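**Q** My questions concern the predicted model and sequence given below.
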Amino acid sequence: MPEETIFSKIIRRELPADIVFQDDTVTAFRDISPQAPTHILIIPNKLITTVNDVTEEDEAAIGHMFVVAAKLAREEGIAEDGYRLIVNCNSHGGQIVFHLHMHLLGGRPMGRMVARPRD
Ligand code: AMP
């Protein structure tokens, strides 16, 4: 079994977080260190460590993450101007927390898609 992260504790509400959405499949909460006016993390309730660990049985959950992202973007008032969805994987992707998560970032122009490490 993969090792749990703080995100599992947030899902179970054992750690405080600003949860903006939760159902049986997905939890979404505000990033503790926001990089944009809206910065929400959308995660599967099932512990999937990285994108490399996604299997066919996760397809519904991964698809649902996008449905929730679109719903939250509308609620945040950023749908029309647009936003960025990011999923980091392992060290080159810049992944820090090893529980798969989608960043929903918006509320300002998000700039270049990919920054070089010195940026
Ligand atoms: P990543 O680099 O894709 O693994 O991003 C992990 C994200 O989790 C970072 O943006 C952190 O600010 C965020 N984060 C870490 N701990 C917490 C927490 N307890 N509550 C909310 N966000 C967190």
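**A** Noted; the coordinates are in hand. Residues are numbered from 1 along each chain as shown.
**Q** for this protein, what's the longest helix?
**A** Ordering each helix of the chain by length in residues (DSSP state H) puts helix 59-76 first.
**Q** contacting residues for the spatially closest residue to Asp81 that is not a sequence neighbour?
**A** Counting by C-beta to C-beta, 6 or more residues apart in numbering, the nearest residue to Asp81 once its immediate chain neighbours are dropped is Gly106, at 7.1 Å. (Each C-beta comes from the backbone N, C-alpha and C, glycine too.) Applying C-beta atoms under 8 Å, 6 or more residues apart in numbering to Gly106 gives the contacts 36-38, 73, 76, 78, 81-84.
**Q** mind redoing it with 10 Å?
**A** Counting by C-beta atoms under 10 Å, 6 or more residues apart in numbering, Gly106 makes contact with 36-40, 72-73, 76-79, 81-85.
**Q** now the next helix or strand along the chain from the longest helix of the chain: how far from the chain's centre is it?
**A** With elements assigned by DSSP states H and E, the helix or strand that comes after helix 59-76 is strand 83-86. If you compare the mean C-alpha spot of strand 83-86 with that of the full chain, they lie 9 Å apart, counting by C-alpha atoms, centre = their mean, to the nearest Å.
**Q** counting contacts, what elements does strand 83-86 pack onto?
**A** strand 38-44, helix 59-76, strand 102-106 (3 or more C-beta pairs under 10 Å, 6 or more residues apart in numbering; DSSP states H and E).
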